[in-house]
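Participant: Sequence first, predicted coordinates after that:
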Amino acid sequence: MNLKKYCLIASLALFSQIGNAQEGLPIYSDYLTDNYYLIHPSMAGVANCAKVRLTARQQWFGQEEAPNLQTLSVNGRIGDSQSAVGAIFYNDKNGYHSQTGGYLTYAHHLMFSRNEIDLNMLSFGLSAGLIQYKLDETEFLADGYDPIIAGVEQSATNFNVDFGFSYHLINFYAHATVKNVLNNEGINFNEQGLSYDNLRTYLISAGNTFSKYNSPWSYEPSIMYMNRDATDESSIDVNIKAYREMDFGKLWGGISYRRSFDGAEFQDGAGVSSQKLQYFTPFFGVDYNNFVFAYTYSYQVNSVVFNNGGFHQLTLGYNFNCRREKYECNCPAIN
């Protein structure tokens, strides 16, 4: 194994806290591009349209074995009922680790308002999925024999579930989700290379949309807190998003700041320093009739990084089976 590959693996171990390839569908900032269903199963079928979303994410352009992710999701109501279904398929590769998986979701939405004009809704969602993990060791023995390396492609398939709820009250919303509820045995490793079977992750999101009467502009501040149970790692996203109503649909964009509460130590000359993971993620998108296009760019602002380049993601979407906008609220995820 050459020096470049050693550096890549070390960098992945230090800086992949926002979405490890071994822990199910990674949690990036793509939920802000009209894709909350990717992280919260209770958001399946919450909108007045059924949705298809396709994303492609590429990190560190020009680097061999760089992380990349592709997702395909679809969700919508079952007829005129309060129930909804959804599905997510994804492929994630991070160096010599990779995984493919698929989830099926059932969600139910309970209305508490006296009529459908005033939005007051509690939603529950449950996703069940199969994930196949792979560790490719076929290139590890290029420089000779190593007794701890098998030199084959290891694989394991696990079953897991996600559960969560969402609450919408006019322009306010909140979500809480537990991902990877079940313990799994497999080829999962933490930053110290130790095997573990607890992939449980807790997510809490909240936000509100503000606008002036008859103004084409609206603004949506939000936050998301994430905690990994096994390692007790935590991070927070602070986001601001703006919308502009147009004749053809809507323009929108914003920025997200993610900061980890946990640091990583590194050699700094004769001493040891530490830094906490920090990302800035600007994004923008357009809704044109029933089509959606979005671009997301994440940039790590730490002093010690693997590459100075950012992480690029494209999102393509299509809305179908749309019903009329029922609610008198400024609630982009619903109307």
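Facilitator: Looks like it arrived, so ask away.

Participant: What average pLDDT does the biggest strand by length in the chain get?
Facilitator: Longest strand in the chain, counting residues (DSSP state E): strand 249-268. For strand 249-268, the mean pLDDT works out to 87.

Participant: Can you list the helices and strands that it packs against?
Facilitator: Under the contact criterion of 3 or more Cβ pairs under 8 Å, 6 or more residues apart in numbering; DSSP states H and E, strand 249-268 touches helix 3-15, strand 233-245, strand 271-288. Using the backbone N, CA and C atoms, a C-beta is placed for each residue, glycine as well.

Participant: Alpha carbons of the second one, in CSV - could you do that?
Facilitator: Taking only C-alpha atoms (Å, rounded to 0.1, in the frame of the first residue of the first chain), the coordinates of strand 233-245 have been written out as CSV:
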residue,chain,number,x,y,z
GLU,A,233,-20.2,12.1,19.2
SER,A,234,-22.4,15.1,18.7
SER,A,235,-22.7,17.9,16.2
ILE,A,236,-25.1,20.7,15.4
ASP,A,237,-26.3,22.4,12.1
VAL,A,238,-27.4,26.0,12.1
ASN,A,239,-29.2,26.9,8.8
ILE,A,240,-30.8,29.8,7.1
LYS,A,241,-32.8,29.4,3.9
ALA,A,242,-34.6,32.0,1.7
TYR,A,243,-37.4,31.6,-0.9
ARG,A,244,-38.4,33.9,-3.7
GLU,A,245,-41.8,33.2,-5.4
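
Participant: which residues are contacting that strand?
Facilitator: Applying Cβ atoms under 8 Å, 6 or more residues apart in numbering, the contact partners of strand 233-245 are 17-18, 29, 32, 207, 209, 216-228, 250-262, 277, 332.

Participant: give me that answer again for 7 Å
Facilitator: Contacts made with strand 233-245 from outside it, assessed by Cβ atoms under 7 Å, 6 or more residues apart in numbering, are listed as 17-18, 29, 32, 216-227, 250-262, 332.

Participant: and that strand, average pLDDT?
Facilitator: Mean predicted confidence for strand 233-245 is 96.

Participant: ok, the residue nearest to Asn68 when sequence neighbours are not counted to Ser298 distance?
Facilitator: Closest residue in space to Asn68, ignoring its immediate chain neighbours: Gln58 at 5.0 Å, by Cβ to Cβ, 6 or more residues apart in numbering. Gln58 sits 11 Å away from Ser298 when distances are taken as Cβ to Cβ, to the nearest Å.

Participant: Looking at the two, which is more packed in?
Facilitator: Using other Cβ atoms under 10 Å as the criterion, Gln58 and Ser298 rank with Ser298 on top: 21 against 14.

Participant: Parallel or antiparallel, which strands does the host helix or strand of that one pair with?
Facilitator: Using DSSP states H and E, Ser298 maps to strand 291-300. If you go by DSSP bridges, strand 291-300 pairs up with strand 271-288 (antiparallel), strand 311-320 (antiparallel).

Participant: contacts for it?
Facilitator: So strand 291-300 is contacted by 15, 29-30, 33-34, 278-286, 310-318 (Cβ under 7 Å, 6+ apart).

Participant: For it, buried residues please.
Facilitator: 292, 294, 296, 298, 300 (16 or more other Cβ atoms under 10 Å).

Participant: okay, the first one: pLDDT?
Facilitator: pLDDT recorded at Val292 is 97.

Participant: And the last one, by the same measure?
Facilitator: What the model reports as pLDDT for Gln300 is 85.

Participant: what do you get for Thr71?
Facilitator: pLDDT at Thr71 comes out at 96.

Participant: What separation do you get for Gly317 and Asn160?
Facilitator: Counting by Cβ to Cβ - Gly317 and Asn160 are separated by 26 Å.

Participant: Name all residues that make contact with the residue nearest to Arg228 when sequence neighbours are not counted.
Facilitator: Nearest residue to Arg228 in three dimensions, chain neighbours excluded: Thr201, at 5.3 Å (Cβ to Cβ, 6+ apart). Thr201 makes contact with 179-180, 226, 228-229 under the criterion Cβ under 7 Å, 6+ apart.

Participant: Now the buried members of these.
Facilitator: For the contacts of Thr201, buried by 16+ other Cβ under 10 Å: 179-180, 226, 228.

Participant: Now, these that are in strands?
Facilitator: Filtering the buried ones among the contacts of Thr201 for strands - DSSP E - leaves 179, 226, 228.
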